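Novice: next one to model:
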Amino acid sequence: MLTLPNIKIIGLTGMSGAGKSTMSMLFALKGFKIINCDRIAYQTSQNAVFLEELQCRFPERLLLDDGTLDRAKTAELIFSDKSKLELYDSIIFPYITYEVMRQIREAESNIVLDAPTLFESNLDMLCTEIVGVIADNEVCVERITERDGISPESARARLASQRDGEFFKKRCGIIIENNGDYPDFHDNAERLIKQIDK
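Specialist: Numbers count the residues shown, from 1 in each chain. This next block holds a predicted model:
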């Protein structure tokens, strides 16, 4: 755990489609600084040094003719082959961690570290508290399908490549389930944030 004077670092993680982004937005409205690891990963995927390392370590060609990442091909590859996902993560995690640490050093308020792969990247070691957002698989499938415009089969494949609800229940100090309507989730999240922000 990283200790900063008068600053809490809240890890926020969970299943795709469970409502983590909504939870992050509610934390932001209460004045927490949000460090969004998905956004950092996206920015990293445009980094020339990262792209060069990626292409050197993957036998498959993952770059387009203009030198940018072929996102569709990369996603299809890593979400269908666990070993490829592990290789990709091992390449990108150090870049993400470096940027996370830079943003933490600049923080002047409590922080939410919004990270789907919080545990896999060992970023949980920085956190004073960890919140996991989970939902039933088919609820997540429906939300991912609507959100990302992909088929239910693709959504299930994505979920299958990630950690399930039981994983987060065992590792997170706080669990919030989001199987119902938005107002219920919102009210539960508001109570939780107020408790954390004491």
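Novice: all the strands of the chain, in order from the start?
Specialist: Along the chain, counting by DSSP state E, strands occupy 9-14, 33-36, 111-114, 129-134, 174-177.
Novice: which non-adjacent residue is nearest residue 139?
Specialist: Closest residue to residue 139 apart from its sequence neighbours, by C-beta to C-beta, 6 or more residues apart in numbering: residue 179 at 5.4 Å. Backbone N, C-alpha and C define where each C-beta goes, glycine included.
Novice: among the strands of the chain, which is nearest residue 140?
Specialist: With C-beta to C-beta as the criterion, residue 140 lies closest to strand 129-134 of the strands of the chain, at 8.7 Å.
Novice: got the angle for the closest one vs strand 9-14?
Specialist: Calculated by axes from the mean of the first three to the mean of the last three C-alpha atoms, to 10 degrees, strand 129-134 forms an angle of 10 degrees with strand 9-14.
Novice: so the residue lying farthest from the centre of the chain versus residue 130, what's the distance?
Specialist: Centroid-distance maximum for the chain: residue 65 at 29.0 Å, with C-alpha atoms, centre = their mean. From residue 65 over to residue 130 the distance is 42 Å, taken as C-beta to C-beta, to the nearest Å.
Novice: need the residue closest to the centroid of the chain.
Specialist: Against the mean C-alpha coordinate of the chain, by C-alpha atoms, centre = their mean, the closest residue is residue 116 at 2.3 Å.
Novice: quick one: that residue and residue 40 touch, right?
Specialist: No: counting by C-beta atoms under 8 Å, residue 116 does not reach residue 40; the two are 11.6 Å apart.
Novice: ok so, going back, gap between the residue farthest from the centre of the chain and residue 144?
Specialist: 30 Å.
Novice: now do residue 82, the pLDDT please.
Specialist: Among the per-residue scores, residue 82 holds a pLDDT of 88.
Novice: equivalent analysis for residue 3, please.
Specialist: As predicted, residue 3 sits at a pLDDT of 54.
Novice: residue 44 - how many residues pack around it?
Specialist: By the measure other C-beta atoms under 10 Å, the count of residues near residue 44 is 22.
Novice: and what of residue 61?
Specialist: By other C-beta under 10 Å, the residues close to residue 61 number 9.
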